[in-house]
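> Sequence first, then the predicted structure, then my questions.
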Amino acid sequence: MLRGFLMLAAFFGLTGVGLGAFAAHGLKNRLTPEYLAIFHTGVTYQLVHTLALLGVALLATQIPGRLITWAGASFAIGILLFSGSLYVLTLTGVSKLGIITPFGGLAFLVGWFCLGLAAYRLT
């Protein structure tokens, strides 16, 4: 799990910084302020949960188990669904994609819950 979660964290960190720079420099004159703020929300949640995924990768070496694995998987799924839907929504203007976003948020919540439960079960 260590290698997989570290690779995901590296990928999401790289793309999060790249997308943030792209929005700041390439999209500021192409998107409405509202859509630019939505895009920025996607980047923020992606980068925050990239750090969470990095933490899960490191924790997986010390606290093996399904809860840590589920936390990492949930964070990765959350990034894809939450941030990904916001990126696509703002770049295409297809507002129906907004229905996917809450599922990503739910995945983030599941990840944090699994992480908290793993911590609670520590002796």
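Great, that's in hand.
> remind me, longest helix of the protein?
The longest helix of the chain (DSSP state H) is helix 33-62.
> Against which helices or strands is that helix packed?
Applying 3 or more Cβ pairs under 8 Å, 6 or more residues apart in numbering; DSSP states H and E, we find helix 33-62 packed against helix 2-22, helix 66-78, helix 84-92, helix 101-120. Yep, even glycine has a C-beta here, placed from its N, CA and C like the rest.
> Single out the most deeply packed of those helices.
Among the helices and strands packed on helix 33-62, ranked by average contacts under mean count of other Cβ atoms under 10 Å, first place goes to helix 66-78 (a mean of 22).
> Turn the helices and strands packed on helix 33-62 into CSV, including mean pLDDT and distance to Thr32.
Output for the helices and strands packed on helix 33-62, formatted as CSV (pLDDT from 0 to 100; distance: least, Cβ to Cβ, whole Å):
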stretch, mean pLDDT, distance to Thr32
helix 2-22, 96, 16
helix 66-78, 97, 26
helix 84-92, 96, 9
helix 101-120, 97, 18
